[in-house]
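**Q** fold the following, please.
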Amino acid sequence: MSTTGAADGDEVCAVAPGRVVLIGDHTDYVGGLVLPMAIDLATEVRGRRGGRTVELTSDQFDGVARFDVPLSDPRTAHPDWARHVAGVAAVIGTSTGFTGAVSSTVPPGSGLSSSAAIGLALALALGATGDAATLARACRQAEELATGVPCGIMDQLCIAAGVEGHALLIDCATETHRAVAVPEGVAVWIVESGQTRQLSTSPYAERRRQAETAASLLGPIRTASLDRIAELDDDVLRRRARHVRSECDRVEAFAEALANEEIAQLGPLISASHRSLRDDAEVSTLVLDELVTTLEARPGVFGARLTGAGFGGSVVALTEPDVDLSDAGAGGRRVQPSPGAHLR
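**A** This is a model prediction of the structure:
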């Protein structure tokens with residue numbers, strides 16, 4: 001991957017948003033459909049290029065990420081958060097250092113893809129070039145290299161290609177996407193559960209292996225017949241496949257409802273999505289389930305679901321525009337569909 005950009009000594013500022021998944025979790029790593037949205041919580045990397053050392057501080061993490069480039073093994077970087085920095089530096093092949101700071105309003109461990117936001121902002125700050133898909137693939141590889149978590153392409157592609165005022169319908173089999181406008185009659189709220197988690201210590205990788213095993217028996221799950229899925233002997237594989245197949249159908253229906261401003265159809269779809277994530281994908285928790293139930297009982301809430309990989313993190317709720325969920329859960333925040341990663 002090529003790098004270019006500002007001359008040594010010039011100040012650089014790169015910004016990458018977090019993302020919320022409106023619908024379509026645990027489908028991306030088997031080529032399914034997803035509908036995430038870049039949001040107005042973001043990570044910023046500001047500093048100057050030059051020399052042969054990368055040195056960064058963070059307002060969210062302790063210690064200093066410091067290493068020389070070029071770098072061969074990012075897993076040797078310390079402290080732990082520095083591995084994300086080192087992974088990006090290694091994958092894009094930078095041989096120019098960078099001194100600066102990382103600041104972020106994306107809370108870590110909340111299911112809003114803080115790690116992918118850091119990766120995309122760092123890639124641009126270090127001089128990576130290419131279209132959104134190229135940057136997304138590089139940052140996906142960097143995250144897997146640094147953490148060992150076999151993530152899909154959704155987070156990085158949404159953050160790289162986000163469009164203001166829109167969500168993105170992504171076909172993860174082809175890595176193609178199209179923007180879908182979010183109607184003014186819908187407000188998007190992110191409500192933190194207070195239950196944090198790290199993907200590297202969660203059952204995420206196990207869930208992916210199970211879905212991939214089901215795909216090896218069925219072929220592409222997105223187009224597999226429900227009858228064929230029902231014939232799988234293994235109950236776990238059957239439920240994992242059923243989630244992917246039904247969730248892809250819900251993603252298509254949700255995108256169509258958004259495009260046609262059929263707001264009444266959105267709530268039942270995301271509520272059904274949460275039940276599938278709870279029962280078939282088995283990635284919810286009691287804390288998340290109780291928060292979803294509480295939110296759905298509030299006036300003006302169309303529906304709610306866990307968002308992201310699960311096992312903790314946040315819930316996304318769709319509401320009428322005048323609803324206030326700031327007091328819900330461990331704290332709610334209304335977010336806006338925002339542009340993707342860019343140099344400022």
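
**Q** tell me where the stretch 1-150 of the chain has helices.
**A** In the stretch 1-150 of the chain, the helices defined using DSSP state H, counting those that start in this stretch lie at 82-92, 114-125, 132-147.

**Q** contacts for the next helix or strand after the longest one?
**A** Using DSSP states H and E, the helix or strand that directly follows helix 132-147 along the chain is helix 154-161. Residues from elsewhere that reach helix 154-161 (C-beta atoms under 8 Å, 6 or more residues apart in numbering): 16-19, 21, 24, 28, 34, 36-38, 113, 116-117, 119-120, 132-133, 135-137, 139-140, 143, 168, 170, 172, 175, 177, 340-341. (C-beta placed from N, C-alpha, C; glycine too.)

**Q** one more time with 7 Å, if that's ok
**A** Helix 154-161 has contacts (C-beta atoms under 7 Å, 6 or more residues apart in numbering) with 16-17, 19, 28, 34, 36, 38, 113, 116-117, 119-120, 132-133, 135-136, 139-140, 168, 170, 172, 175, 177, 340-341.

**Q** circling back to that earlier point, turn the helices of the stretch 1-150 of the chain into JSON lines, including mean neighbour count, mean pLDDT and distance to residue 332.
**A** Output for those, formatted as JSON lines (neighbours: other C-beta atoms under 10 Å; pLDDT from 0 to 100; distance: least, C-beta to C-beta, whole Å):
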{"stretch": "helix 82-92", "mean neighbour count": "26", "mean pLDDT": "93", "distance to residue 332": "27"}
{"stretch": "helix 114-125", "mean neighbour count": "29", "mean pLDDT": "95", "distance to residue 332": "18"}
{"stretch": "helix 132-147", "mean neighbour count": "22", "mean pLDDT": "92", "distance to residue 332": "28"}
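
**Q** closest to residue 108 out of those helices?
**A** If you check each of the helices of the stretch 1-150 of the chain against residue 108 by C-beta to C-beta, helix 114-125 wins as the nearest, at 4.6 Å.

**Q** and the closest one, C-alpha only, in CSV?
**A** In CSV, the C-alpha atoms belonging to helix 114-125 read as follows (Å, rounded to 0.1, in the frame of the first residue of the first chain):
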residue,chain,number,x,y,z
SER,A,114,-13.4,2.8,18.6
SER,A,115,-10.6,0.5,17.5
ALA,A,116,-11.5,0.9,13.8
ALA,A,117,-11.8,4.6,14.2
ILE,A,118,-8.3,4.8,15.6
GLY,A,119,-7.0,2.6,12.8
LEU,A,120,-8.5,4.7,10.0
ALA,A,121,-7.4,8.0,11.5
LEU,A,122,-3.9,6.7,12.0
ALA,A,123,-3.7,5.4,8.5
LEU,A,124,-4.5,8.8,7.0
ALA,A,125,-2.2,10.6,9.5
